[in-house]
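In: what's the 3D shape of this:
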Amino acid sequence: MLLITTLRIILQSKKVYIIIFIIALSYSYAYVKYKENNFNEQYIVGVVYGINENSVYVRSNRNFILYTGDSYKFSYGDIIYFENNKVDIRKNSNFNLFCYKNYLKTKKIFNAVRTDNIIKIGYDNKYFIKNKMYKRANNFKNEDFIKTFVLGKNISNNTYNKMGISHLFSISGMHISLFALILFHLTNKFIKRSFASFLIVSFFLIIYSLLLMKLSVIRSVLLLILVYFKKTFKINIDNVFILIFIASILLINNPYLLFSVSFYYSFITTFFIVLYCSNNFTKKYYTYNLIKVSLVATLASFPITIYFFFEYNVLSYLYNLVFIPFVSFLLYPAAIISFIIKNEFILSFLISTFNNLVDFLNNENYILIFGRPNLFLVFMYYCLLFFYCINKKFKTLILVITIVFIMKNTNYFKNYARLYMYDIGFSESILFVMPKANQVLLFDTGGHFYDNEYNLSNHIIIPFIKSLGISKIDFLIISHGHIDHAKEAPNIISNFNVSTVFLNSGVNNYLEEKIIKTAKENNVYYKNISKYNLKINNYNFNFINEVHKDENEDSLVCYITFDDKSVLLTGDIYKKQEEKIIDNYNINNIDVLKVAHHGSMTSSSKTFLKKVNSKANLISSSKNNLYNLPNEEILKKLNNYYITSEKGMILVKFKEKIEIVTFY
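Out: Model prediction:
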C-alpha cells in the first residue's frame, strides 16, 4: 500500500515530468552532437522496411538508405544481400535550409549505399501484415489517399502545402480518437466490460502504431491510453504533463527527433490545444469549439511553419475550418471503409468534391513571406500564447499578433548591406541585399551540368531568399550565358517575383534566348547591357565590362561602391579583360573580390590582384571537381580567401567594420 501511495505521489508531481523532460532534452542534444555512426562492412544483409520511388530503407545492425532503380521490385520484409558501395548523403551547407542528412537521421539512417546488384535471400514474416496491407492498397484507384489514411503514408501535393492544409493528410489525434471510439463501442457490445474493451482496443492501437511507425500516430495512441489510465486510477495530473512525458520518452528513444519538423508540429500544437481545452472548454456547441481549437492550433503551428518553410497562407485558418470536418468525418472514414470492403465509389466522390473545393478556394495571393524568425521572438511568442491559453484575455492575443507583425518586418532592423555567396557546387550565385532589404540583387543563378533531377533554384536559391523574408528580386543579373551561372534563371523568373533582368551584350546563346523568352512570358523587363551604371540611393552598381565574342570574356563585371565600401564581381573573365579593367578604371584597395572563373589560371593575374588589393576574396567551387579548381597557384596569390567547398555559404555583413560569416 505504501508503494502504491508513493507511486501515486510521484505520478501526480508536476516537477517530476519537467525534470524528466529537461533530462531528455539534455541527453538528446549531447547524443546528436557527439555520437558518430560509421559502418565499414563490405557486404550487408538486411530487411527492407521502407520503400520509396528510387530507394528503399534497409534495417541491418544499422539502418541504411539504399538507392536503386529497382525499388519497385521489393516488398516489405524482403531480406536482401548487397555490397556496401557507400555514397555521401546530400547535406545542406547554406544557412536556414532543409538538410536531407538530418532528415534521414530522424529515421535513424546514417549510411547510404547505391547499387542495383541486389540479391533477395529470404523473407521476414514480421512484415507479413504490413506487406499485405500495402499490396491491397496498391489495387485501389485512389491508392494515395488509402495509403495516407490507412497506412500513414505522406501525400505530396503542392497546393495542399500552400493552403496550409497538408497536415490533414497525416493521421492525427482526432483520427485515432475517432477510430478508437468506434472500436471501443464495437468491442463493448460483445464483452460488456469497458476496461476489458479498452485493453483490447489499446492492444490493437499499439500494434497499429508499431506497424506504421508514424510519430503522430505513436503520440496519439500513447496519449489516449495514458489519459484513460489516469482517469481509471484517479491520478490527479493535467494531460499537458502526460504529453510532456510522452515527448520525453520518444526523445530518449530517438534523440534525432530534435531535427524532426513533424515532432515539433505534433507536440507543440497538441500541447497548446490540450492546455487551452483543460482551462476552458465548452462540451456543447461543436462549431464554437472547432473555431476556438482551430485558432489555437493555427497560432501554435505558425512559428514552426515560418521557421522551417518561411511563408504562410493567411487564409489557412479559414481553410482549416472548412476542411477539418470534411477530412475527419467524411474522407478519413470513407478511406477506412473503402479499404475494408474494397469499394471506393463513395471515396472517389468525396475526393473529387474535396479537390473541386480546393480549386475553388485556393488563392496564392494571400501567401506572405515571413522569413526565418529570430529564436528570441519565437520564445516570446510562445510565452504569450501560453498565457493566452490560460487567461483567455484578448489583450494577450493582441500581444501575440504584435510579435507576428515584428516577425514580418525584421528586415527593417537590419540597417546594413549583406552579400551572400551560395554554396551550390561547381556553379555560382551571389545575393546582394541592401539595408532593410529595400532593394535585392541576384547575380547569377547557378546550375549543374549533369544533375537534372536536383533543381537548385527550387531547393536552394529561392528558399534561401524566402528565409530572409524577401519576397522580390529587384534585379536579376546574369553575368553570362553558361549553365553554371545561368541555368536556373528561367525557373526563378517563372516562380518568383522578379522585376528586372540584365544580361550581357554579346550575341545571345540558346540559354540567354530562353531567359529572354521566359522574361517576356512573365512580363518581366529585360535588357542587354555593357558599360552601364545603376544607381540606387548612395549605392553605385557600375557594369564596366566590354562586349566580347567569347562568352566568358563577355561576362558582366560589376563594381559596387557605397559609403566607404567596395565590391568587385568578375564573372568568368580572363586576364585580358582584367588588364583592361585596371587600365581604364581606378579600382584599388577593394573590400571584397569575387575571384573570376572559380579560381582558374585563366584569370586572376598577379598584376590585377596587386592593383585591386582586395581584403577578402570569395571563390565558388565544389570538392573534387573535374577541373581541380581553385588552382593552387591562384590561392598562393591571395591573402585572405574563402572557398564555398570548404566554408559552405559565405555571408559578408557591411557594417561599420566588415564581418564575414561562413556556414562551417
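In: which residues in the stretch 51-200 of the chain form helices?
Out: 100-106, 128-137, 143-151, 158-163, 173-191, 194-212 (DSSP state H, counting those that start in this stretch).
In: correction: the previous question concerned the stretch 201-350 of the chain.
Out: 215-232, 239-253, 261-279, 286-309, 316-326, 332-341, 345-361.
In: can you say which of the helices of the stretch 51-200 of the chain is packed in most?
Out: helix 143-151 (a mean of 21; mean count of other C-beta atoms under 10 Å). Yep, even glycine has a C-beta here, placed from its N, CA and C like the rest.
In: who does that one touch, helix- and strand-wise?
Out: Here helix 143-151 touches helix 128-137, helix 332-341, helix 345-361, going by 3 or more C-beta pairs under 8 Å, 6 or more residues apart in numbering; DSSP states H and E.
In: can you list contacts of the last one?
Out: Going back to what we said before, that points to helix 345-361. 141-142, 145-146, 159-160, 163, 165, 315, 319, 322-323, 326-327, 330-331, 334-335, 337-338 (C-beta atoms under 8 Å, 6 or more residues apart in numbering).
In: distance check, the closest residue to residue 302 other than its chain neighbours against residue 466.
Out: Residue nearest to residue 302 in three dimensions, not counting chain neighbours: residue 312, with 6.6 Å by C-beta to C-beta, 6 or more residues apart in numbering. In this view, residue 312 and residue 466 are 11 Å apart by C-beta to C-beta, to the nearest Å.
In: between the two, who's got more neighbours?
Out: residue 312 (23 against 20; other C-beta atoms under 10 Å).
In: how about residue 219, what does it touch?
Out: 173, 243, 246-247, 250, 266-267, 270.
In: any of those buried? List them.
Out: Neighbour counting with 16 or more other C-beta atoms under 10 Å marks 173, 243, 246-247, 250, 266-267, 270 as buried within those.
In: tell me which of those residues is nearest to residue 52?
Out: Nearest to residue 52 out of those is residue 266 (C-beta to C-beta; 21.8 Å).
In: poorly predicted segments of the stretch 1-150 of the chain, please.
Out: For the stretch 1-150 of the chain, applying pLDDT under 70 flags the ranges 1, 35-39.
In: now the residue nearest in space to the middle of the chain: how far from residue 259?
Out: For the chain, the residue nearest the mean C-alpha position is residue 98 (4.0 Å; C-alpha atoms, centre = their mean). Separation of residue 98 from residue 259 (C-beta to C-beta): 10 Å.
In: which pLDDT value goes with residue 453?
Out: Looking at residue 453, its pLDDT stands at 59.
In: now do residue 280
Out: 61.
In: the helices and strands packed on helix 143-151: which one's closest to residue 186?
Out: Closest among the helices and strands packed on helix 143-151, using C-beta to C-beta: helix 332-341, at 12.8 Å.
In: which residues are in contact with the closest one?
Out: Contacts for helix 332-341 (C-beta under 8 Å, 6+ apart): 136-137, 140, 142, 145-146, 148-150, 175, 178-179, 344, 346-347, 350.
In: list just the nearest of these to residue 601.
Out: Among those, and counting by C-beta to C-beta, the member closest to residue 601 is residue 148, at 55.1 Å.
In: mind listing what the closest one touches?
Out: 154-155, 169-171, 335.
In: how about residue 323?
Out: With C-beta under 8 Å, 6+ apart, residue 323 has these contacts: 165, 168, 354, 357.
In: mark which of those residues are buried, thanks.
Out: Using 16+ other C-beta under 10 Å, the buried ones in those are 165, 168, 354.
In: tell me where the stretch 551-664 of the chain has strands.
Out: 558-562, 565-569, 592-594, 616-619, 641-643, 650-654, 659-662 (DSSP state E, counting those that start in this stretch).
In: nearest to residue 84, of these?
Out: Set against residue 84 and scored by C-beta to C-beta, the strands of the stretch 551-664 of the chain come closest in strand 641-643, at 30.9 Å.
In: could you give me the buried positions within the lengthiest strand in the chain?
Out: Once the chain is assigned using DSSP state E, the strand that runs over the most residues is strand 43-51. Within strand 43-51, the residues scored as buried using 16+ other C-beta under 10 Å are 44, 46-51.
In: okay, the angle between that strand and helix 128-137?
Out: 50 degrees (axes from the mean of the first three to the mean of the last three C-alpha atoms, to 10 degrees).
In: report the backbone C-alpha coordinates of strand 43-51 in PDB.
Out: These are the backbone C-alpha positions of strand 43-51, laid out as PDB (Å, rounded to 0.1, in the frame of the first residue of the first chain):
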ATOM      1  CA  TYR A  43      28.700  -6.800 -47.600                       C
ATOM      2  CA  ILE A  44      25.400  -6.200 -46.000                       C
ATOM      3  CA  VAL A  45      22.400  -8.400 -45.200                       C
ATOM      4  CA  GLY A  46      19.300  -6.500 -44.100                       C
ATOM      5  CA  VAL A  47      15.500  -6.400 -44.200                       C
ATOM      6  CA  VAL A  48      13.500  -3.900 -46.300                       C
ATOM      7  CA  TYR A  49      11.300  -1.800 -44.000                       C
ATOM      8  CA  GLY A  50      10.600   1.200 -46.200                       C
ATOM      9  CA  ILE A  51      10.000   1.700 -50.000                       C
END
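In: coming back round to it: distance to residue 618 added to the helices and strands packed on helix 143-151, as TSV?
Out: Shown next, in TSV, are the helices and strands packed on helix 143-151 (distance: least, C-beta to C-beta, whole Å):
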stretch	distance to residue 618
helix 128-137	50
helix 332-341	52
helix 345-361	45
